[in-house]
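**Student:** the sequence and its predicted three-dimensional model are supplied below.
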Amino acid sequence: MLTYILCLLSYFLLLDFNNILGGALTQLLAYHLGAGGHLKNVLPAGTPITAVSYASPQVGNAGYNEAFAELERKGVLRHVRISNEGDIVPVAPFGFGYTQTGLHLFLKENEEEMQVGYRNLKQTWLQLRWVGEMGTNHGIETYLQRLEFPANQPILATDTVESLYQNHAVGEGE
């Protein structure tokens, strides 16, 4: 597992370069740091803790998700969650009441434009259609290739995390 914590220009960013465990730990650490107020004396006022995860599984129940969403509404926490169409890991584990957090960038196949939405949960059965291609759809190479699709460039080139949150997340329904 390779998880990096970077402090860049007084901006705290958790960046997950691995998946599965790294993505789950990225979310949990960001929540812990935000909920505990551990960085409020370190970060400039109004600077949220921002977590970026790839291929992350679901890590919390409805109560965790509501607490996470409250920190997002207060501007304390941001989570950009990136998942591939056909990757089953982001909808796992199944049947235990787990749910996803954050702003979801859902990378489509066939050079289609990504879907951007808050939580933007995907049905397990839809992701299971690609179970034979799970290794390909879960690989970081596929994630990077899909991020580079021309259809995604207008979103990636012009939107910041904050503008994505303002347009798709803060205050929106669960």
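**Tutor:** Noted; the coordinates are in hand. Residues are numbered from 1 along each chain as shown.
**Student:** spatially central residue for this structure, please.
**Tutor:** Taking Cα atoms, centre = their mean, the centroid of the chain lies closest to Arg81, which sits 1.3 Å from it.
**Student:** quick check: the residue nearest to that residue when sequence neighbours are not counted vs Ala151, distance?
**Tutor:** In space, not counting the residues next to it along the chain, Arg81 is nearest to Gly102; the distance is 4.6 Å by Cβ to Cβ, 6 or more residues apart in numbering. Where C-beta positions appear, they are placed from N, C-alpha and C, glycine not excepted. Counting by Cβ to Cβ, to the nearest Å, the separation of Gly102 from Ala151 is 22 Å.
**Student:** can you show me the strands along the protein?
**Tutor:** Under the criterion DSSP state E, strands of the chain are mapped to 3-8, 11-16, 49-54, 77-84, 103-107, 115-118.
**Student:** looking at those strands, which has the lowest confidence?
**Tutor:** Ranked by mean pLDDT, those end with strand 3-8 in last place, scoring a mean of 34.
**Student:** the more surrounded of Gly102 and Ala151?
**Tutor:** Gly102 (27 against 13; other Cβ atoms under 10 Å).
**Student:** what's the lengthiest helix in the chain packed up against?
**Tutor:** Scanning the chain for the helix with the most residues, using DSSP state H, yields helix 21-35. With contacts taken as 3 or more Cβ pairs under 8 Å, 6 or more residues apart in numbering; DSSP states H and E, helix 21-35 sits against strand 3-8, strand 11-16, strand 49-54, helix 62-73, strand 77-84.
**Student:** next, the buried residues of that helix.
**Tutor:** Along helix 21-35, these residues count as buried under the neighbour rule (16 or more other Cβ atoms under 10 Å): 22-27, 29-31, 33-34.
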